[in-house]
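[1] mind folding the following:
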Amino acid sequence: MPFTPVPFGPQHVPDQSGRTVVVTGASSGLGELLAGTLAAAGAHVVMAVRSLDKGAVVREALARTAPREHLELAELDVADLDSVRRFAAALEGRRLDVLVNNAGVGNVEHRTSPQGHEVQLATNHLGPALLARLLHEQLAGAPDPRIVTTGSNLYRRLPVRLGPQDLDGRRRYSRSGTYARTKTLHVAWAVEHQRRLSAAGSPVRSIVAHPGMVTTPMNTGLTSRRDRALAAVLGRLWGARDPEQGVRPLLFAATSPDVDPHLFAGPVGARDDALVGFEEFRAPVDDRALAALLWEVTEELTSAGRAADRPLHHGRR
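    Numbers count the residues shown, from 1 in each chain. Got it, this is the predicted structure:
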């Protein structure tokens, strides 16, 4: 069933006065744009960044077009589950309106997080999942609370297999393949989160949007000649967009009164069009049995203790 695209850009963002928005990965790329645009629209933005020094430089740049007092810096390394817990604890007692789980990493050599998880899995899925769960109470008190996931539509373009086995890539690791798998994994988790929030009667909505392929540092800062060549080919094939174009679906998901958590929002049309389109989720993201199993595995992996202490034996691939 086709859905009608809608025009949406910074000029369409409703007044955000009185709203508090957490944006992870706010010191570059899409996160920087989100923070600046939302603060300019009146929101108080908590800029969650790995480096406070880098974040301070970005905040000063954003303060040229948005009130500086609307931009709050907070330290967060999404890959480090202890950092996620400290960040959430520091926000205890504050009402939050929106969490934008935007921070991500891709196409990196195999390395592990402080808890022993493969770093793409930790950054793209485990950290955001834990943060969303920990901030639920602060969000639930808001009039229109949302968790927005910066997803990827790679699973609609390439075959991506999901399963609970070897999530940490111990048996087999591919930089690009792991990126596609971990991003798709979190989209499936976020869709399952919406089901569970709805079933529990929570006012919080879990919304997924994607920017398409964008010219952010994740794609333009590749160190491998092979990866740069592949990114250039895919950019021409898939119509890589500027960050200002790619951020529109995320702004829509975070602020539009017409958002539908059951649809996947993304850019459509020519690269310079200001249109946000909508699609239904499809396999493997819409596999409810698999999503429920992945939810259970995620709960185990984000509990206290290190990855090496908890081998998984769920028996499904």
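
[2] switch to C-alpha atoms for all contacts and neighbour counts from now on
    Noted.

[3] phi first, then psi, for S51.
    Phi and psi for S51, reported as degrees, to the nearest 10, are phi -110, psi 120.

[4] quick check: the closest residue in space to it that isn't next to it in sequence vs Q194, distance?
    In space, and not counting its chain neighbours, S51 is closest to E75: 6.7 Å by C-alpha to C-alpha, 6 or more residues apart in numbering. Here E75 is placed at a distance of 27 Å from Q194 (C-alpha to C-alpha, to the nearest Å).

[5] quick one, strands of this structure?
    6-7, 20-24, 44-49, 71-75, 98-101, 146-150, 205-209, 263-268, 275-280 (DSSP state E).

[6] mind checking which of the ones you listed is nearest L135?
    strand 98-101 (8.3 Å; C-alpha to C-alpha).

[7] next one: the closest one to chain centre, how far?
    When distances are taken as C-alpha atoms, centre = their mean, to the nearest Å, strand 98-101 is centred 8 Å away from the chain's centroid.

[8] with stretch 62-72 instead?
    23 Å.

[9] pull the residues that contact it.
    Applying C-alpha atoms under 8 Å, 6 or more residues apart in numbering, the contact partners of stretch 62-72 are 35-37, 39-40, 42-47, 59-60.

[10] how about 6 Å then?
    Contact partners of stretch 62-72, identified using C-alpha atoms under 6 Å, 6 or more residues apart in numbering, comprise 36, 39-40, 44-47.

[11] count of neighbours near R195?
    16 (other C-alpha atoms under 10 Å).

[12] leaving out chain neighbours, which residue sits closest to H70?
    That would be H44: by C-alpha to C-alpha, 6+ apart, it lies 4.5 Å from H70.

[13] can I get the strands of the chain in JSON lines including mean pLDDT?
    JSON lines is the format used below for the strands of the chain (pLDDT from 0 to 100):
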{"stretch": "strand 6-7", "mean pLDDT": "95"}
{"stretch": "strand 20-24", "mean pLDDT": "98"}
{"stretch": "strand 44-49", "mean pLDDT": "98"}
{"stretch": "strand 71-75", "mean pLDDT": "98"}
{"stretch": "strand 98-101", "mean pLDDT": "98"}
{"stretch": "strand 146-150", "mean pLDDT": "98"}
{"stretch": "strand 205-209", "mean pLDDT": "98"}
{"stretch": "strand 263-268", "mean pLDDT": "95"}
{"stretch": "strand 275-280", "mean pLDDT": "95"}
